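**Q** all I have is the shape, not the residue letters:
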């Protein structure tokens, strides 16, 4: 088994796949890349059992076969090469030899048969989504997903597909983000919960792609195919909480304000807040928004006044500044709207401008109790 490939082309593909490999694996074989050669096509795969990703490369070869090559070692050596063709030759003594312009390097390999086989989906449902839509949906929601192992369903992003549009939801019970598109639709109704890790990998490589992504899914697995990549992952098992029930419908108090100005104020004032609660207080009356924070233990306090456009009753409400900062950073609009009903009910944050046709973003932030 022998093939020739460009060093930088191979490195670029392997760096993407390397994100799948865990730093500590229960199965030693998972520390390897699987190389499957079929004449001029080389398929390289990486897996952690939950997520498997493969890339198809066009190379120069006349042979067939499969070997598992140590990932860390291979990436380290590839990073040091200037652009040049490399020749990989599988030798009889369980080593694979790499020949460059300047030298030869031998790595021990494992038989390709030992590598876990990827699952084939039986009669999956299929939806096509443009890369930029999926990349935006992931980056708008993933930060709100939880990290609690006791509630695994909340540690992923909920995908809801229907002929009316696509909806992506993430929540950790303190904050919730719902991102919806009516300009991209699916042929039938389906929903599933995607884990965070494969979504992070997708987010990082989708930005540069302008392809249509083919999403295939059944009850237990989902596959994302685009360009020369296929990413497959096991879905999170369980029923997603009824998020619609927690979004308050009647919100008579509406605050409209410049996003950047509000965000900078919250960031500054939050420095003076209590380090465990991160609590800041919003006091709204007329066209004035007063943002304050106090850390009684250290006698630190801060207060800022902003002008805003407000319709509703005068009110005081407390928020965790970290959640508010995360949400405001994640929105790209110039103006935002914060809708509230009561100081103990969730506030709804939405962008006023900067959205595409058919795109909606709804962010929900739970208040914290103010101690007067």
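**A** Now that the structure is in, tell me what you want to look at. Values in this document were obtained by computation on a predicted structure and should not be read as measured data. Residues are numbered from 1 along each chain as shown.

**Q** distance-wise, check the closest residue in space to residue 211 that isn't next to it in sequence relative to residue 132.
**A** Excluding the flanking residues, the one nearest residue 211 by CB to CB, 6 or more residues apart in numbering is residue 226, at 4.3 Å. Heads up, the C-betas are built off the backbone N, CA and C, glycines and all. Using CB to CB, to the nearest Å, one obtains 12 Å as the distance from residue 226 to residue 132.

**Q** does residue 109 really touch residue 65, like I thought?
**A** No. In this structure residue 109 lies outside contact range of residue 65 using CB atoms under 8 Å: 10.7 Å.

**Q** common neighbours of those two, please.
**A** Common contacts of residue 109 and residue 65, defined by CB atoms under 8 Å, 6 or more residues apart in numbering, comprise residue 90.

**Q** out of these two, name the residue with the larger neighbour count.
**A** The residue with more neighbours, out of residue 109 and residue 65, is residue 109; 19 against 15, by other CB atoms under 10 Å.

**Q** report pLDDT for the more buried one.
**A** Confidence at residue 109, expressed as pLDDT, is 96.

**Q** residues in contact with it?
**A** 32, 67, 68, 69, 70, 90, 94, 95, 96.

**Q** and the fourth one, backbone torsions?
**A** When you say that, I think you mean residue 69. phi -110, psi 140 (degrees, to the nearest 10).

**Q** does the residue nearest to residue 211 touch residue 210 like I think?
**A** No. Residue 226 is beyond contact range of residue 210, at 9.8 Å (criterion: CB under 8 Å).

**Q** what's around residue 248, how many residues?
**A** By other CB under 10 Å, the residues close to residue 248 number 14.

**Q** the contacts of residue 109 in helices, which ones?
**A** Counting by DSSP state H, no part of the contacts of residue 109 is found in helices.

**Q** in JSON lines: these, plus neighbour count.
**A** Formatted as JSON lines, the contacts of residue 109 follow (neighbours: other CB atoms under 10 Å):
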{"residue": "32", "neighbour count": "27"}
{"residue": "67", "neighbour count": "22"}
{"residue": "68", "neighbour count": "22"}
{"residue": "69", "neighbour count": "22"}
{"residue": "70", "neighbour count": "17"}
{"residue": "90", "neighbour count": "19"}
{"residue": "94", "neighbour count": "13"}
{"residue": "95", "neighbour count": "13"}
{"residue": "96", "neighbour count": "21"}
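
**Q** need the residues you listed in TSV with distance to residue 297 and pLDDT, can you?
**A** What follows is these, written out as TSV (distance: CB to CB, whole Å; pLDDT from 0 to 100):
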residue	distance to residue 297	pLDDT
32	52	97
67	61	96
68	56	97
69	56	97
70	52	97
90	65	96
94	63	91
95	63	96
96	61	96
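
**Q** would you mind giving the secondary structure of residue 266?
**A** State at residue 266, reduced to three classes by DSSP: H, G, I helix; E, B strand; the rest coil: helix.
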